[in-house]
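[1] Any chance you can model this:
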Amino acid sequence: MPNFMRLLHILALLGLIAGGAARSMAADRPNFIFLLADDMRPDCIAALGHPVIKTPNLDTLARQGMVFTRAVAAYPICNVSRAEILTGTTAFRNGVGYPGSKINPTLATWAGTLRDAGYHTWECGKWHNDGQPTSRGYEETRGLFTAGGMPKGSKLKCLPDHAGRTATGYVGYTFKTDDGKVELDKGVGLTPLTTRQITDAALEFINRKSAKPFFLHVNFTAPHDPRLFPPGYENLYDPAKIPLPRNFRPQHPFEHGNLTGRDEVLLPKPLVPAELREELAVYYALISDMDEQIGRIIAALRANGQLDNTIIIFSSDQGMAMGSHGLLGKQNLYEHTFGVPLIFRGPGIPQGVRSRADCYLRDLFPTTCELAGIPIPATVQAKSLVPVIKGKADAIYDFVIGYFTNTQRAIRAGDWKLIEYPRIGKTQLFNLRDDPDELNDLSDKPETADARKRLAAQLKAWLKEQGDPASK
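    Have a look, this model is predicted:
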């Protein structure tokens with residue numbers, strides 16, 4: 001018996017040592033803050049060359065960190081793109097793509113994986129997937145912004161947009177506490193203060209004191225419609241001085257699969273330049289206000305002594321047309337929508353570097369795992385960007401693929417971009433080096449036949465491997 005008790009004592013000590021080592025390892029890991037915009041074009045950061053937008057805090061992140069200039073949202077619509085981010089898998093595998101609506105419960109989640117490795121995992125702001133954040137690996141929420149919650153008989157309504165138009169986006173969304181209580185004092189739907197309220201919630205988490213590292217996921221709603229000027233931003237941009245996108249067109253030349261969608265009917269078609277400039281003025285104002293809120297987050301990290309051990313990641317769930325190619329919405333695979341801004345800043349991230357490595361939003365999951373020394377779950381299809389971040393590789397993928405419902409498929413490989421529209425039997429081919437605005441379709445040129453065939457074959461093979469129902 002004494003020997004048995006001694007053995008138990010030794011095992012207990014070993015457990016304490018192992019537990020202490022695990023806690024120490026967790027404490028040495030970086031914090032992660034993931035800042036996600038909603039419908040922000042990849043070019044809307046001043047440091048990346050935008051001619052009029054004011055984004056001083058994002059500019060600083062870009063200068064102090066690493067920018068991936070060819071990051072993409074594979075499926076450019078909110079809930080599907082976010083499901084890819086949460087699971088590190090394609091829409092064909094996670095259950096939310098076409099067709100589908102619910103995340104496959106057998107898949108590992110980004111937040112759940114970090115939580116199980118010793119991280120506090122927190123979510124603030126928009127939630128646009130099934131279930132709740134706490135059912136997807138997040139321990140707590142603050143400023144949770146979700147559909148529903150209006151008491152029966154309430155006379156509260158969503159505000160009209162800046163031009164007095166009835167809101168069609170975020171209708172009935174409300175802020176809620178972690179236990180589901182509706183916070184009606186913060187309004188219904190989007191208001192001029194929504195971005196600031198989400199930031200206030202994020203600051204509650206940042207100002208906590210904890211020995212454990214944290215993963216804070218901040219889901220902004222800006223610059224999604226209905227667009228309202230934040231207080232103090234009403235005159236920041238003069239519509240008369242706002243240039244139209246270089247690839248502005250009054251209307252799209254063919255039915256791409258969403259010409260009558262909600263986003264596309266926010267303004268009458270053909271698009272009128274003066275009306276579009278008014279819309280761009282508030283779109284840019286919302287981005288600048290979000291930039292100010294990001295500045296508040298950075299200031300809080302600095303004040304708490306956490307900035308040096310926090311990796312900040314900024315991106316958007318997809319881009320947006322805003323007049324490019326005669327479109328307004330996000331349901332297309334042109335670069336202004338397929339592409340997203342992506343910035344990393346923090347310990348272990350090179351400063352002032354811009355990478356042209358192709359990558360997906362879903363790659364963020366395995367990238368943070370590797371940065372923290374956490375095993376990547378077997379269900380994750382995406383790839384870590386750490387070899388590029390550490391300067392050990394120039395590329396992770398030979399090509400990237402985009403898809404939207406059963407109406408659009410695309411592949412981008414190097415300078416070439418092929419977009420297929422299966423429902424109407426149409427194909428577009430662009431050389432992005434010579435034509436970054438995708439205005440010159442080369443699909444019918446004899447000299448590009450080989451490139452078109454090669455890209456089409458790669459696209460078909462990849463879609464078949466993923467189980468694309470539209471490719472059967």
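[2] tell me, how many neighbours does Glu335 end up with?
    23 (other Cβ atoms under 10 Å). Heads up, the C-betas are built off the backbone N, CA and C, glycines and all.
[3] Count the neighbours of the residue nearest to it when sequence neighbours are not counted for me.
    Spatially, and ignoring its direct neighbours in sequence, Glu335 is nearest to Glu438 (6.2 Å; Cβ to Cβ, 6 or more residues apart in numbering). Glu438: 21 surrounding residues under other Cβ under 10 Å.
[4] quick one: Glu438 and Asn332 touch, right?
    No: checked against Cβ atoms under 8 Å, the pair Glu438 and Asn332 is beyond contact range at 10.4 Å.
[5] shared neighbours, those two?
    Jointly contacting Glu438 and Asn332 under the rule Cβ atoms under 8 Å, 6 or more residues apart in numbering are His325.
[6] OK, contacts around the residue most central in space within the chain?
    Centroid-nearest residue in the chain, with Cα atoms, centre = their mean: Asp317, separated by 2.7 Å. By Cβ under 8 Å, 6+ apart, the residues touching Asp317 are Leu36, Ala37, Asp38, Asp39, Ala73, Cys78, Ser81, Arg82, Ile85, Val340, Leu361.
[7] Name the member of those residues with the most neighbours.
    That'd be Ala37 among the contacts of Asp317, by other Cβ under 10 Å, with 30 neighbours.
[8] who touches the closest residue in space to that residue that isn't next to it in sequence in this structure?
    Leaving aside its sequence neighbours, Ala37 sits nearest to Ser316 (Cβ to Cβ, 6+ apart; 4.0 Å). Ser316 makes contact with Leu36, Ala37, Asp38, Asp39, Met40, Arg41, Pro42, Ala73, Val340, Pro341 under the criterion Cβ under 8 Å, 6+ apart.
[9] Among these, which one lies nearest to Ile287?
    Nearest to Ile287, judged by Cβ to Cβ, of the contacts of Ser316 is Met40 at 6.3 Å.
[10] I'd like the distance between the closest one and Ala281.
    The gap separating Met40 from Ala281 is 15 Å, by Cβ to Cβ, to the nearest Å.
[11] so Ile401, which of the three states?
    strand (DSSP: H, G, I helix; E, B strand; the rest coil).
[12] Surely it and Arg409 touch.
    Yes: using Cβ under 8 Å, Ile401 is in contact with Arg409, at 7.5 Å.
[13] can you list residues touching both of these two?
    Joint contacts of Ile401 and Arg409 (Cβ under 8 Å, 6+ apart) are Leu459, Leu463.
[14] Can you name the next helix or strand after the helix ranked longest in the chain?
    Taking DSSP state H as the criterion, the chain has its longest helix at helix 273-303. Going down the chain from helix 273-303, the next helix or strand is strand 310-316, by DSSP states H and E.
[15] so what strands line up beside that following strand?
    According to DSSP bridges, strand 310-316 forms sheet pairs with strand 31-37 (parallel), strand 342-345 (antiparallel).
[16] Measure how the longest one sits relative to helix 273-303, angle-wise.
    Put plainly, it is strand 31-37. 170 degrees (axes from the mean of the first three to the mean of the last three Cα atoms, to 10 degrees).
[17] So, low pLDDT: which residues of this protein?
    Residue ranges of the chain with pLDDT under 70: 1-27, 472.
[18] just so I have it, where are all the helices in it?
    Using DSSP H, helices in the chain cover 2-28, 56-64, 78-87, 91-94, 110-116, 194-206, 273-303, 335-338, 364-372, 386-389, 449-466.
[19] Output those in CSV, with distance to Thr168 appended to each entry.
    Converted to CSV, the helices of the chain look like this (distance: least, Cβ to Cβ, whole Å):
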stretch, distance to Thr168
helix 2-28, 44
helix 56-64, 28
helix 78-87, 14
helix 91-94, 24
helix 110-116, 30
helix 194-206, 16
helix 273-303, 14
helix 335-338, 19
helix 364-372, 30
helix 386-389, 39
helix 449-466, 32
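[20] just so I know, which of these lies nearest Arg246?
    helix 335-338 (9.9 Å).
[21] among the strands paired with strand 310-316, which is nearest Glu183?
    Of the strands paired with strand 310-316, nearest to Glu183 by Cβ to Cβ is strand 31-37, at 21.2 Å.
[22] Out of the helices of the chain, the one nearest Lys155 is which?
    Taking the helices of the chain one by one with Cβ to Cβ, helix 194-206 is closest: 20.2 Å.
[23] the inter-axis angle of the closest one versus strand 31-37?
    170 degrees.
[24] Quick check: buried residues in helix 194-206?
    Thr194, Thr195, Arg196, Gln197, Ile198, Thr199, Asp200, Ala201, Ala202, Leu203, Phe205, Ile206 (16 or more other Cβ atoms under 10 Å).
[25] Which of these sits closest to Asp450?
    Thr195 (48.0 Å).
[26] Figure out the length between the terminal residues of stretch 64-77.
    30 Å (Cα to Cα, to the nearest Å).
[27] Off-centre distance for that stretch?
    8 Å (Cα atoms, centre = their mean, to the nearest Å).
[28] State whether Ile294 and Phe314 are indeed in contact, as I suppose.
    Yes: Ile294 lies in contact with Phe314 (Cβ under 8 Å); the separation is 7.3 Å.
[29] and for those two, which residues touch both?
    Leu35, Leu58, Leu61.
[30] could you redo those residues as a markdown table and give each row distance to Gln381?
    Below are these laid out as a markdown table (distance: Cβ to Cβ, whole Å):
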| residue | distance to Gln381 |
| --- | --- |
| Leu35 | 24 |
| Leu58 | 29 |
| Leu61 | 28 |
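[31] If anything else comes up later, I'll come back, but that's it for now.
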